[in-house]
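Asker: Sequence and predicted structure are below.
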Protein chains: 2
Amino acid sequence: MAITLADIARELGVSKMTVSRAINNHPLINSQTRERVLEVARRLNYQPNQHARALATNRSYLIGVVVPDLMNLYFAEVTRAIESVTRPAGFQLLICSTEEDATRELDQVEALLHRTDGLIISSVLKPTDTSAYRKLIKDGARIVLVDRTMKDLRSPSVATDNVRVGKLATEHLINLGHRRIGHLCGDASSVSVERFEGYKQALAKRKLRYVQSQVRRCGLLESEGYTAMRGWLAEGNVPDAIFAVNDPAAIGAMQAMEEAGVRVGDEIALVGAGNIHYGDMLRTPLTTVSWSRNEMGQQAARLLIGLIDNELTRSKPQTIVLPPELVIRNSCGAKPFVAEDVSYAARFGMPAATV
Amino acid sequence: MAITLADIARELGVSKMTVSRAINNHPLINSQTRERVLEVARRLNYQPNQHARALATNRSYLIGVVVPDLMNLYFAEVTRAIESVTRPAGFQLLICSTEEDATRELDQVEALLHRTDGLIISSVLKPTDTSAYRKLIKDGARIVLVDRTMKDLRSPSVATDNVRVGKLATEHLINLGHRRIGHLCGDASSVSVERFEGYKQALAKRKLRYVQSQVRRCGLLESEGYTAMRGWLAEGNVPDAIFAVNDPAAIGAMQAMEEAGVRVGDEIALVGAGNIHYGDMLRTPLTTVSWSRNEMGQQAARLLIGLIDNELTRSKPQTIVLPPELVIRNSCGAKPFVAEDVSYAARFGMPAATV
DNA sequence: CTTGTGCGTGTTACCGGTAACAGCTAGAAT
DNA sequence: ATTCTAGCTGTTACCGGTAACACGCACAAG
């Protein structure tokens, strides 16, 4: 078995408490004693039992992260950003992917709550389905919402302005001269609903009629974008331009178009959202709407640590909104097949190429 | 505070032990009593304290996963496969990304060991740097290695035949008529070393001379592939064909080539390894070597659960080797810019497109 | 010389579970 | 009627930490 406090205490002829204080740098301890303890601890390679510590202090130094899909690089990036803040603060991450499934999300959240100090959730639920989380939060759960938010929930959140995302994408397509603009819309989640709303607002603002048949439900997964677009192409009556709810859906749709021999960006303009990695390296580079995934993850992590340390007041939770911006590439047909404006090098913070 | 066993016990006028037995479906309990207990537990929404349980049983139902890079979809896929086995078995995952950093790996492993029942590791270390893990395993740590293995370590592992990976890729380039074949080689990890070895064996077998200057060290990250290739192009003396240690490195190199105006698959043939998601959808679809990430993750998970349940004998650890196969696309120039042979639909197990 | 004070250490109890064993009860076997 | 046994339940101790309080001691102040 592993070394315990008691082993060290026996070795030195002191009490467990003294050892505990030495290990935790308690102020009320003689510095010489501390040194002696630490020396033995090092020699025996003492590793504190995290379960015992968690039981006694009610602090696990674990943070749960619940995301819809880790195969979506958008969330991989957000998760990495979260980790970049939590790790230096001494927390480890319990990561769960819900595969865009609401039941699975609730199960996971329930299970995670009781072994973590707090949760960062990107919820698949309808933004109005707040009852479950409302109850958990009332019972003292520390939850921060990221990317996808919920209505009137007493918990901090970080997201982008998704109505604006939908507007930016749709207006861009309108500005390019398109009039029959369709939408591959997502599910019931906040991002889906709000981006859809932005799409409708953009149409209305420019006096274009909203046509039901030009909106197709697809979901947020790449495979769903593919299936939906394949169906659409088979049925016919496909619009000239499409705003897809997110990049994976757009990429799935793109693939369906290519298989059907439709030239993306030429015959059909396409815009996604999220600016995922590889979006600029695809056969047809994807025009999209972008906001900082890094900022998103880091802010969420800071908010949660704030909650854990009781620095944040519970009464008026913070809501952070990140500004979205359009990233024009080729899939929208705006600049058919010219080089990228931002060099790849910039992504890694390198000087521009000299070759 | 949360509901405890004692609360339920008091409510029913029985002992904590009876409640504990009811919750855990102990055989020695009256089924009526169990029903009564479970009913109250449900009503009070009892959730067992995992820390207490872990302390008492020395079982946390947590599995640690240590991968080099979650932004590499290859590992995202392996992780998802692990989760597909561990979740039904009642385990949750503590996921760490080491960012291809050895120090970080050792820190994380040390920290994870003491709060998990076992670890699945894809190690960044040199395959000969076994001392740290050897010690941990001797002290009873349950570790399964995945993707990247180590020499003579008493622990089960799942990997592909990486020498064969290097051979398949290089021989393919030779078969296409190339004679000046270079290699973007990785780091000191097993996969890097073995694929390099395969590259050399393929050259030797076909009586081609191994030329030092045609091998460039780059690492396993996309950014490193980019940097290395940019440097190579700037210096000149670039070979006709390149085998890159993995897909991210290949994709980075590809980007550097495109920025330099070099037509990939035409002026320079390129082959990667790993068959990551999006590899087939790039501007130039990437020829690569593939093996099942799903099989890899699932087998690793099963092995670890076997270790945890003491079903696996410690004396002769299992080593599972997954067969690699060549996936020919366009970047090698073999079939310049024709349609994919395998439809995208197949990836999602759908019938072929009818449009 | 007493009292107070502050520092450092030890004692005790507790966090919320579980293992091991003891004890009780009813019905079967003798 | 007595003993045995099976089946269930309770008791006690323990997992490895920590909080709260008690205590001892040296030294300064009164």
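Answerer: Now that the structure is in, tell me what you want to look at. This structure is a prediction, so every number in the text was calculated from the model and none was measured.
Asker: contacting residues around the nearest residue to A:A6 once chain neighbours are set aside?
Answerer: Nearest non-adjacent residue to A:A6, counting by C-beta to C-beta, 6 or more residues apart in numbering or on different chains: A:K16, 5.6 Å away. All C-beta spots, glycine's among them, are computed from the backbone N, C-alpha and C. Contact criterion C-beta atoms under 8 Å, 6 or more residues apart in numbering or on different chains gives A:5-6, A:9 as the residues in contact with A:K16.
Asker: Neighbours of the residue nearest to A:L270 when sequence neighbours are not counted, how many?
Answerer: Closest residue to A:L270 in three dimensions, ignoring its sequence neighbours and counting by C-beta to C-beta, 6+ apart: A:S331, at 4.4 Å. If you count neighbours by other C-beta atoms under 10 Å in any protein chain shown, A:S331 ends up with 30.
Asker: Let me know the closest of the contacts of A:K16 to DNA strand C.
Answerer: Distance ranking of these against DNA strand C, using C-beta to the nearest atom of the strand, places A:A9 first at 7.4 Å.
Asker: contacting residues for the closest one?
Answerer: Counting by C-beta under 8 Å, 6+ apart, the residues that A:A9 touches are A:15-16, A:18-19.
Asker: Where does it sit: helix, strand or coil?
Answerer: Each residue gets one of three states, and A:A9 gets helix by DSSP: H, G, I helix; E, B strand; the rest coil.
Asker: residues in contact with the residue lying closest to A:E295 once chain neighbours are set aside?
Answerer: Distances taken as C-beta to C-beta, 6+ apart place A:L322 nearest to A:E295, at 5.7 Å, with adjacent residues excluded. Contact analysis of A:L322 by C-beta under 8 Å, 6+ apart lists A:158-161, A:291-292, A:295-296, A:299.
Asker: Filter the residues you listed down to the ones in helices?
Answerer: Taking DSSP state H as the definition of helices, these contribute A:295-296, A:299.
Asker: And those, which is closest to DNA strand C?
Answerer: Nearest to DNA strand C among the ones in helices among the contacts of A:L322 is A:Q299, at 32.0 Å by C-beta to the nearest atom of the strand.
Asker: Contacts only, for the closest one.
Answerer: A:158, A:320, A:322.
Asker: number of nearby residues for the second one?
Answerer: Right, A:I320. Each residue near A:I320 was counted by other C-beta under 10 Å, and the total is 17.
Asker: try the first one
Answerer: Burial of A:V158, expressed as a neighbour count using other C-beta under 10 Å, amounts to 26.
Asker: so who does it touch?
Answerer: For A:V158, the contacting residues are A:144-147, A:295-296, A:299-300, A:303, A:319-320, A:322, taking C-beta under 8 Å, 6+ apart as the criterion.
Asker: now those residues in TSV, with pLDDT and distance to A:I29?
Answerer: Formatted as TSV, these follow (pLDDT from 0 to 100; distance: C-beta to C-beta, whole Å):
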residue	pLDDT	distance to A:I29
A:V144	97	36
A:L145	97	42
A:V146	98	40
A:D147	97	45
A:E295	98	41
A:M296	98	42
A:Q299	98	38
A:A300	98	37
A:L303	96	34
A:T319	93	43
A:I320	96	41
A:L322	98	45
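Asker: which residues touch A:V14?
Answerer: So, once contact is read as C-beta under 8 Å, 6+ apart, A:V14 ends up touching A:33, A:37.
Asker: Mind doing that once more with 10 Å?
Answerer: With contacts defined as C-beta atoms under 10 Å, 6 or more residues apart in numbering or on different chains, A:V14 is in contact with A:8, A:21-22, A:33, A:36-37.
Asker: List buried residues within those.
Answerer: When neighbours are counted using 16 or more other C-beta atoms under 10 Å in any protein chain shown, these contain these buried positions: A:8, A:21-22, A:36-37.
Asker: if we look at DNA strand C, which of these are close to it?
Answerer: A:R21 (C-beta under 7 Å from any atom of the strand).
Asker: re earlier: nearest to chain B among the contacts of A:V14?
Answerer: A:I8 (15.8 Å; C-beta to the nearest C-beta).
Asker: Check which helix or strand the residue lying closest to the closest one once chain neighbours are set aside maps to.
Answerer: Once flanking residues are discounted, A:I8 sits nearest to A:V19: 4.9 Å by C-beta to C-beta, 6+ apart. Under the criterion of DSSP states H and E, A:V19 resides in helix A:16-23.
Asker: coming back round to it: in TSV, list the contacts of A:A9 along with distance to A:V271 and pLDDT.
Answerer: As requested, the contacts of A:A9 are arranged in TSV below (distance: C-beta to C-beta, whole Å; pLDDT from 0 to 100):
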residue	distance to A:V271	pLDDT
A:S15	67	93
A:K16	63	94
A:T18	65	95
A:V19	61	95
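Asker: For the contacts of A:K16, give me JSON lines that also has distance to A:E224.
Answerer: Conversion of the contacts of A:K16 to JSON lines gives the following (distance: C-beta to C-beta, whole Å):
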{"residue": "A:L5", "distance to A:E224": "53"}
{"residue": "A:A6", "distance to A:E224": "56"}
{"residue": "A:A9", "distance to A:E224": "59"}
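Asker: So A:L326, which state does it fall into?
Answerer: From three-state DSSP, the assignment for A:L326 is strand.
Asker: typed the wrong thing, it's A:G64
Answerer: State at A:G64, reduced to three classes by three-state DSSP: strand.
Asker: how many neighbours does the residue nearest to it when sequence neighbours are not counted have?
Answerer: Excluding its sequence neighbours, the residue lying closest to A:G64 (C-beta to C-beta, 6+ apart) is A:L112, at 3.7 Å. Neighbour count for A:L112, taken as other C-beta under 10 Å: 23.
Asker: which stretches of the stretch 251-355 of chain A form helices?
Answerer: Assigned helices in the stretch 251-355 of chain A, in chain order: A:293-308, A:344-347 (criterion: DSSP state H, counting those that start in this stretch).
Asker: between those, which one is nearest to DNA strand C?
Answerer: Per C-beta to the nearest atom of the strand, nearest to DNA strand C of the helices of the stretch 251-355 of chain A: helix A:293-308, 17.8 Å.
Asker: Buried residues, that closest one. List them.
Answerer: A:293, A:295-308.
Asker: same deal with stretch A:197-213?
Answerer: Under the neighbour-count criterion of 16+ other C-beta under 10 Å, stretch A:197-213 has A:198-203, A:208 buried.
Asker: How about stretch A:65-85?
Answerer: Of all the residues in stretch A:65-85, those buried under the rule 16+ other C-beta under 10 Å are A:65-83, A:85.
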